[in-house]
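In: The following comprises the amino acid sequence and a computationally predicted model.
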Amino acid sequence: MGDSSKEKKRLREAENSALQGNNVELVTKLKGELVGLLVKKEQMWQQRSKTHWLKLGDKNSKFFHTKASQRFRRNRILGIEDHNGVWCVGEEKVAEVFENYYSSLFTTSNPNGFEEVTQHVGRVVNEEMNKELIGDFSRGEVERALNQMAPLKAPGPDGMPPIFYQHYWRNIGDDVTDAVLFCLNTGKIPTDDSLLFCHAKVEEVKSIQTILEVYEKALGQQINAEKTTFFFGKAVREKTKNSIKVLLGVPEIKHYEKYLGLPAVVGKNRRASLNYIKDRVWGKLQGWKEKLLSQAGKEVLLKAVVQAIPTFAMGCFKLPIGLCKDIEMLIRKFWWGQPGERRKIHWKNWDTLCKPKIEGGLRFKDLAKFNDVMLAKQVWRLSHDTSSLFYRVFKARYFPNGTIFYAKQKSDSYAWKSILRVRKVMVMGAKWRVGDGKSIKVFVDNWLPGSSGGKVTLV
């Protein structure tokens, strides 16, 4: 990449020489070379810092350098405990623990008994579909996958990021494709986590155990007891719990533990169940050096990273207003550069910053309103995407004889209650397109054409 300090020294010497009437063109040439070198150096540190939220602006190599150093300290593994409980230190011993673990994990158990499983599974895939599924990966698929990668994402084992392969694909594409296709067309793909439900009865639990044993025997994938947990409903008696605990021999999930990034149970204390979102936001902000960022960099960072953290949970639950306010307070403090408990002037109120830029704001998200929008999307799915599993399960459980717009709220899950709370958002902006009129309630629904509300008004 070159040494920028040497280039700077050459530039200073050329500038001093130019002051005496010598080669001025050399100064221009060296300046161009130095700028190109600094851009490449900044891209290298941006890649090492994994700061993918920053796309344009902020020529700030110091920030990237600090982030990269911080990531190195946080991710460095100095020691690890092996399966016997022995603490191992040093690169060779740590590497040996990892190698032994994954070699054991992916060693085949020579499965058999496929017929016992497949005879109870209905045939869905036809011959043509099966031929396509079991066919080898193609060269075109490899190239399309490469072009879909972010250019400066993490480098591979050879130290090269995707941009290297994208730029020189014409020269190295054949060799890379051959290596990739060899791995893809001879490898195997493991299955992901599964969530099973049953009544709290010993007989049903035994049935599940039998099914899992058949699965292990047929596919050779063993259930990891260390990562297996179970959870009881609040109406299950202690005697039943103890019997099932002894039978399974795996730990029980307690309140407020998460599964796939969301709380397994949201109890009456919803703030406690969802407070992990605030903790994640606080942890992100603590790891950033705001003094190394311009206001433009802070804006991009807050929008692309911090305000995206609650999005997944907001699509499932209505977050407490107090929690939204606390998260916004953390964002405001970071934006105005307020360290710790020290107070600093906030020159604009939050409502103004949430307005569009054309109206004098910065278009930050009002989290409470954004939460309503995310849940309203679920209402839309439950009214239109009738072929999805999400629709079929919720319809059978909550509105079997009608639509989501006429479902009644009972003592149901918090996710369902959250969806019903924002149903009015959809109702306010929705209007029926009249067909045969059988599904429309004349004096209740919006169906009249025009710019007005669309309801029939009785005089």
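Out: Yep, it's here.
In: dump the residue contacts of the most centrally placed residue in the chain.
Out: Closest to where the C-alpha atoms of the chain average out (CA atoms, centre = their mean) is Phe312, at 7.7 Å. By CB atoms under 8 Å, 6 or more residues apart in numbering, Phe312 lies in contact with Gly261, Leu262. All C-beta spots, glycine's among them, are computed from the backbone N, C-alpha and C.
In: Surely it is in a helix?
Out: Yes. The assignment for Phe312, made by DSSP: H, G, I helix; E, B strand; the rest coil, places it in a helix.
In: Show the pLDDT at it.
Out: On pLDDT, Phe312 comes in at 89.
In: Then Tyr398?
Out: Note for Tyr398: predicted pLDDT of 89.
In: Disregarding flanking residues, what is the spatial nearest neighbour of it?
Out: Spatially, and ignoring its direct neighbours in sequence, Tyr398 is nearest to Ala407 (5.3 Å; CB to CB, 6 or more residues apart in numbering).
In: How about Leu362: what's its closest non-neighbour residue?
Out: Leaving out its chain neighbours, Leu362 is closest to Leu353 (CB to CB, 6+ apart), at 4.9 Å.
In: Count the neighbours of that neighbour for me.
Out: By other CB atoms under 10 Å, the residues close to Leu353 number 20.
In: Kindly report the same for Asp385.
Out: 12.
In: do Lys365 as well
Out: 21.
In: Now do the same contact list for it.
Out: By CB under 8 Å, 6+ apart, Lys365 lies in contact with Lys303, Gln307, Cys354.
In: surely the last one meets Gly361?
Out: In this case it means Cys354. Yes. With contact defined as CB atoms under 8 Å, Cys354 counts as touching Gly361 (5.9 Å).
In: how far away is Lys431 from Arg73?
Out: Distance from Lys431 to Arg73, counting by CB to CB, to the nearest Å: 57 Å.
In: Compare those two (neighbour count), which wins?
Out: Using other CB under 10 Å, the more surrounded residue of Lys431 and Arg73 is Lys431, with 15 against 8.
In: Pull out the buried positions in the helix or strand hosting Asp175.
Out: Per DSSP states H and E, Asp175 falls inside helix 169-184. Neighbour-count burial for helix 169-184, counted by 16 or more other CB atoms under 10 Å, picks out Gly173, Thr177, Val180, Leu181.
In: quick revisit: which of the contacts of Lys365 sits closest to Val97?
Out: Gln307 (39.0 Å; CB to CB).
In: The closest one: what's it in contact with?
Out: So Gln307 contacts Ile331, Phe364, Lys365, Leu367 (CB under 8 Å, 6+ apart).
In: Export those residues to a markdown table and append columns for pLDDT and secondary structure.
Out: Formatted as a markdown table, the contacts of Gln307 follow (pLDDT from 0 to 100; DSSP: H, G, I helix; E, B strand; the rest coil):
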| residue | pLDDT | secondary structure |
| --- | --- | --- |
| Ile331 | 89 | helix |
| Phe364 | 89 | coil |
| Lys365 | 89 | coil |
| Leu367 | 92 | helix |
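In: how about those residues in a markdown table, adding distance to Lys131?
Out: Shown next, in a markdown table, are the contacts of Gln307 (distance: CB to CB, whole Å):
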| residue | distance to Lys131 |
| --- | --- |
| Ile331 | 53 |
| Phe364 | 51 |
| Lys365 | 47 |
| Leu367 | 49 |
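In: which of those lies closest to Val94?
Out: Distance to Val94 across these (CB to CB) is lowest for Ile331, with 38.4 Å.
In: need the longest helix for the protein.
Out: helix 24-49 (DSSP state H).
In: helices or strands up against that one?
Out: Under the contact criterion of 3 or more CB pairs under 8 Å, 6 or more residues apart in numbering; DSSP states H and E, helix 24-49 touches helix 4-19, helix 61-75.
In: how about the ones you listed in JSON lines, adding mean pLDDT?
Out: Formatted as JSON lines, the helices and strands packed on helix 24-49 follow (pLDDT from 0 to 100):
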{"stretch": "helix 4-19", "mean pLDDT": "74"}
{"stretch": "helix 61-75", "mean pLDDT": "69"}
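In: and of those, who's closest to Gln222?
Out: Set against Gln222 and scored by CB to CB, these come closest in helix 61-75, at 29.7 Å.
In: what stretches of the stretch 51-200 of the chain score poorly on pLDDT?
Out: Across the stretch 51-200 of the chain, the ranges flagged by pLDDT under 70 are 51-65, 67-68, 152-159, 187-193.
In: Which parts of it are helices?
Out: Assigned by DSSP state H, counting those that start in this stretch, the stretch 51-200 of the chain shows helices spanning 61-75, 91-105, 114-118, 127-134, 139-147, 162-167, 169-184.
In: For Ala376, which residues are in contact?
Out: Shown in contact with Ala376 (CB under 8 Å, 6+ apart): Val422, Val425, Met426.
In: let's go with 10 Å and repeat that
Out: By CB atoms under 10 Å, 6 or more residues apart in numbering, the contact list for Ala376 reads Ile419, Val422, Arg423, Lys424, Val425, Met426, Val427, Met428, Gly429.
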